[in-house]
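**Student:** Got a predicted model here, sequence first, then my questions.
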Amino acid sequence: MRAAPALGIDLGGTKIHAGVVVPDGGILGEARLPTEAQRDTEAVFGNIVAAARQALEAAGVDPADVQGVGVGSPAPLDVAEGVLLTPANLPSLFGFPMVARLKEELARPVVLNNDANCLGLAEARFGAGAGVEVCCGLTLGTGLGCFLVIGGELFNGPRGAAAEIWCSPYKGDHVEEKVSGRGLARNYRKLTERIATAEQIASLAREGDADARLAWREYGRDLAVPIIYLCNILDADLVVLGGSMVKAWDLFHETMFEETMKYVNAVTRAAVRIVPGALGDAAGMLGAAALVLEGPSSAAGREGL
């Protein structure tokens, strides 16, 4: 008898991606809707529910036939209580009891975790880290996320805040301020006194702009620092990098890798791999579903499983 699928919801500030996922990572049906984060609480929640129902319809699956619902959301969260706290790009959902409301709406168990953990769990189960003992990594975009999966199990920590390294000190600031799109933009502005986005700086670099290429190399050196600590603390098998900044892998990975290998201990250095994620934009949704599919020990914040 085929195991029941799960419904995964990747909630972002711009879009909602929902999908019905079977235990091997296959997607039966999916839907994408704009979040409309500027609207009021009930309007945004209505979009979440609509995306979920559209995905179920696309899969030809009744809500009663899924094991449960997994939600990946920007942090900070109260994972144990299933509540969004103050995610900066979802202002109308501050303090929102996501687990309780979705359970009421869909009549299924619901699990909540942060979006970086969901991406990491998806890569560890279905993507670049499949079969790896210690899979860790970073999500690189407007901010910095981090995840740790050991033996296929997501490590949340006792309060659901494991791997929240964004606020760690680096160069007189939080490391997130260097290893993010903001950090790259600052690198470029220091060199040129011009304001540009990460996407624009990537285009300029590929067109031969020397300052843009230099800004990306500096970004690679900064990125090496959290990777080095992850490798040395965890004796990692694999470091997976995801998020929008990884689209410019060709512009920073050589500098990042060279700097990392200078400082990772020799035993780990001989074995560790550092790779971009394999699942692309589907990773968050797949990882949200995997919160349910993994089993009871893998996800803090379960409600009724």
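**Tutor:** On my side now, so go ahead.
**Student:** residues touching residue 189, list them.
**Tutor:** When contacts are counted by C-beta atoms under 8 Å, 6 or more residues apart in numbering, residue 189 touches 195, 196. Just so you know, the C-beta spots here come from the backbone N, C-alpha and C atoms, and that holds for glycine as well.
**Student:** Give me the buried stretch members for the helix or strand harbouring it, please.
**Tutor:** If you go by DSSP states H and E, residue 189 is part of helix 181-192. Judged by neighbour count using 16 or more other C-beta atoms under 10 Å, the buried positions of helix 181-192 are 181, 183, 184, 185, 186, 187, 188, 192.
**Student:** try stretch 244-260
**Tutor:** 245, 246, 248, 251, 252, 253, 255, 256, 259, 260.
**Student:** Any chance of CSV for these, columns pLDDT?
**Tutor:** Below are the buried residues of stretch 244-260 laid out as CSV (pLDDT from 0 to 100):
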residue, pLDDT
245, 96
246, 96
248, 98
251, 98
252, 98
253, 98
255, 98
256, 98
259, 98
260, 98
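**Student:** Among those residues, which one lies nearest to residue 57?
**Tutor:** Nearest to residue 57 among the buried residues of stretch 244-260, counting by C-beta to C-beta, is residue 246 at 32.0 Å.
**Student:** Assumed residue 119 was part of a helix.
**Tutor:** Yes: assessed by DSSP: H, G, I helix; E, B strand; the rest coil, residue 119 belongs to a helix.
**Student:** Please, which helix or strand holds the nearest residue to residue 252 once chain neighbours are set aside?
**Tutor:** Leaving aside its chain neighbours, residue 252 sits nearest to residue 220 (3.6 Å; criterion: C-beta to C-beta, 6 or more residues apart in numbering). Using DSSP H and E, the element containing residue 220 is helix 210-234.
**Student:** In contact with the residue lying closest to residue 177 once chain neighbours are set aside, which residues?
**Tutor:** Leaving aside its sequence neighbours, residue 177 sits nearest to residue 183 (C-beta to C-beta, 6+ apart; 5.8 Å). Contact analysis of residue 183 by C-beta under 8 Å, 6+ apart lists 176, 177, 219, 222.
**Student:** who's in contact with the third one?
**Tutor:** So the one you mean is residue 219. 179, 183, 184, 187, 245, 252.
**Student:** if I look at residue 216, how far off is residue 260?
**Tutor:** 16 Å (C-beta to C-beta, to the nearest Å).
**Student:** brain fart, residue 184
**Tutor:** From residue 184 over to residue 260 (counting by C-beta to C-beta), the distance is 18 Å.
**Student:** Sheet-wise, list the partners of the lowest-mean-pLDDT helix or strand in the chain with their directions.
**Tutor:** Least confident helix or strand of the chain, by mean pLDDT, DSSP states H and E, is strand 153-154 with a mean of 92. Neighbouring strands of strand 153-154 in its sheet, by DSSP bridges, are strand 144-150 (antiparallel).
**Student:** ok, back up a step: tell me which other helices or strands the helix or strand following the least confident helix or strand of the chain touches.
**Tutor:** For strand 153-154, the succeeding helix or strand toward the C-terminus, using DSSP H and E, is strand 169-170. For strand 169-170, not one helix or strand is in contact under the criterion 3 or more C-beta pairs under 8 Å, 6 or more residues apart in numbering; DSSP states H and E.
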